[in-house]
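Q: test case, fold it:
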Amino acid sequence: METDHTYPIDLITLYLAGEAGGDDLVFLEAWLKADPGHRKIFEEYRRTWLEMEQLRMDKVLDTDKEWNKLQEKLFSREEAGQRKIVPFSFMKAMRIAAIILLLAIPSVFIIRHFTRPEQKQIYANLSVKEGKLPDGTSVTLNKGATLEYPSSFKGNKRNVKLNGEAYFEVSHNKAKPFIVSSRNVKVEVLGTSFYVNTNAANNTMEVILNSGSVVIYFDDHRENSLILSPGEKAEINPGQEKLDKNVNTDPNYRSWMTQRFSYSSEPLIMIVADLNKVYHANLHITTPAISYCLITATFDHQSVESILHVLQATLDLTITNHGTWTEISGNKKCN
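A: A predicted model of the protein is given here:
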């Protein structure tokens, strides 16, 4: 699943028509399980489908019979024997108008429900993925993240929905704010570069601002918002609707996309945590005494093996590969 996916409207249609194949059903089931909101979208289209089918069945009727009923209603108030004679041309025009009205009902229904902008999706399945949105905004998603957005931004807002970790470089548009939604949280910007993690520790969220400005609030309660300046970090608790901000002290918060690391007297345990996250490694420190040995170093697009080699030489570590995981141990004692 390395390509962009839209909301599978065509696939839902095939399913409702009883024409979906085995692979289609597998993908549809996975899509429904990926997000509770997807089932809501599916149910909306299912209801729409059923209503349209009912309208289609109702339309298959005897037009002449319906016309006769309409005539009876039109002239029911005329006195017996005094029925008004309507010119043929006028009667024909009214009959045509009635038929057009009958046929137009389902058309109006279809336009109302299916002319919304098509919903699209970027899914970073197995690796970091970059994408461009319709307004020119650039987005980079970390592994496992999903971004949902419309095929075109209509109205006075640019709304997207994020699940996971992403970095945005938003195209500036003062008249149309860019809003990232996740659960009950809204992150609103005009033209900004910033980082969002909707799955931070303890069921919280993080927002780190690189440039511009960011306004964070819960649902429509913008009056109780938190404003970030460049270099600041917001810690968000959606369950408690709590917002806190601090100065961002992590220079490597974008290492998962840049593969650049900079450490100035940082403990080994932090470096190992970064390597596990960025490279999806499985490194374990088995000698607690070396966990807080300090490292000052810079790594730029180096492999895990290369970085471990530097750490090994610096701290006299022992690196042992156990197949599915790597052990880091040593005799050095650090204060």
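Q: list the buried residues in stretch 243-251.
A: Buried residues in stretch 243-251, counted by 16 or more other C-beta atoms under 10 Å: 243, 245, 248. Every C-beta, even on glycine, is put in place using the N, C-alpha and C of the backbone.
Q: should've said stretch 131-141
A: Neighbour counts over stretch 131-141 (16+ other C-beta under 10 Å) mark 131, 133, 137, 139-141 as buried.
Q: touching that stretch from outside, list them.
A: 4, 122-124, 128-130, 147, 149-153, 158, 160, 164-171, 173, 176, 178, 257 (C-beta atoms under 8 Å, 6 or more residues apart in numbering).
Q: mind running it again at 7 Å?
A: For stretch 131-141, contacts defined as C-beta atoms under 7 Å, 6 or more residues apart in numbering pick out 4, 122, 124, 128-130, 147, 149, 151-153, 158, 164, 166-171, 173, 178, 257.
Q: filter the residues you listed down to just the ones in helices.
A: When helices are assigned by DSSP state H, the members of the contacts of stretch 131-141 inside them are residue 257.
Q: just the buried ones among the contacts of stretch 131-141, please.
A: Buried residues within these, defined by neighbour count using 16+ other C-beta under 10 Å: 122, 124, 128-129, 147, 149, 153, 158, 164, 166-171, 178, 257.
Q: return the subset of the residues you listed lying in strands.
A: 122, 129, 147, 149, 158, 166-169, 178 (DSSP state E).
Q: any idea which of the residues you listed is closest to residue 328?
A: If you rank those by distance to residue 328 using C-beta to C-beta, residue 167 comes first, at 29.2 Å.
Q: let me know how buried residue 30 is, in neighbour terms.
A: Counted by other C-beta atoms under 10 Å, the residues lying close to residue 30 total 11.
Q: give the other helices and strands that the helix or strand hosting it contacts.
A: Element membership for residue 30 (DSSP states H and E) is helix 22-34. Under the contact criterion of 3 or more C-beta pairs under 7 Å, 6 or more residues apart in numbering; DSSP states H and E, helix 22-34 touches helix 9-16, helix 36-59.
Q: let's go with 6 Å and repeat that
A: Applying 3 or more C-beta pairs under 6 Å, 6 or more residues apart in numbering; DSSP states H and E, we find helix 22-34 packed against helix 36-59.
Q: give me the pLDDT for residue 7.
A: Model confidence at residue 7, given as pLDDT, is 59.
Q: mind checking how far stretch 117-132 is from the chain centre?
A: 8 Å (C-alpha atoms, centre = their mean, to the nearest Å).
Q: and stretch 127-147, by the same measure?
A: Mean-position distance between stretch 127-147 and its chain equals 10 Å (C-alpha atoms, centre = their mean).
Q: got the domain ranges for the protein?
A: Split into domains by automatic domain parsing, the chain comes to 8-114, 119-247, 255-330.
Q: just the ones you listed: most buried one?
A: Counting by mean count of other C-beta atoms under 10 Å, domain 119-247 has the highest mean neighbour count of these, with a mean of 17.
Q: what's the spacing between residue 145 and residue 224?
A: Distance, residue 145 to residue 224, by C-beta to C-beta, to the nearest Å: 27 Å.
Q: can you pull out the strands in the stretch 151-300 of the chain?
A: Listed in chain order, the strands found in the stretch 151-300 of the chain under DSSP state E, counting those that start in this stretch are 158-163, 165-169, 178-182, 185-189, 193-200, 204-211, 214-218, 226-228, 232-237, 242-247, 260-267, 283-285, 294-300.
Q: look at residue 190 and report its pLDDT.
A: The model's pLDDT for residue 190 equals 86.
Q: which ones are touching it?
A: Residues counted as contacts of residue 190 (C-beta atoms under 6 Å, 6 or more residues apart in numbering) are 174, 177.
Q: do residue 278 as well
A: Here residue 278 is in contact with 255-256 (C-beta under 6 Å, 6+ apart).
Q: mean pLDDT lowest where, among the domains of the chain?
A: The minimum mean pLDDT among the domains of the chain belongs to domain 8-114 (a mean of 62).
Q: grab the nearest non-local neighbour of residue 194.
A: Nearest non-adjacent residue to residue 194, counting by C-beta to C-beta, 6 or more residues apart in numbering: residue 209, 4.9 Å away.
Q: contacting residues for the one you found?
A: Per C-beta under 6 Å, 6+ apart, neighbours of residue 209: 194, 228, 230, 232.
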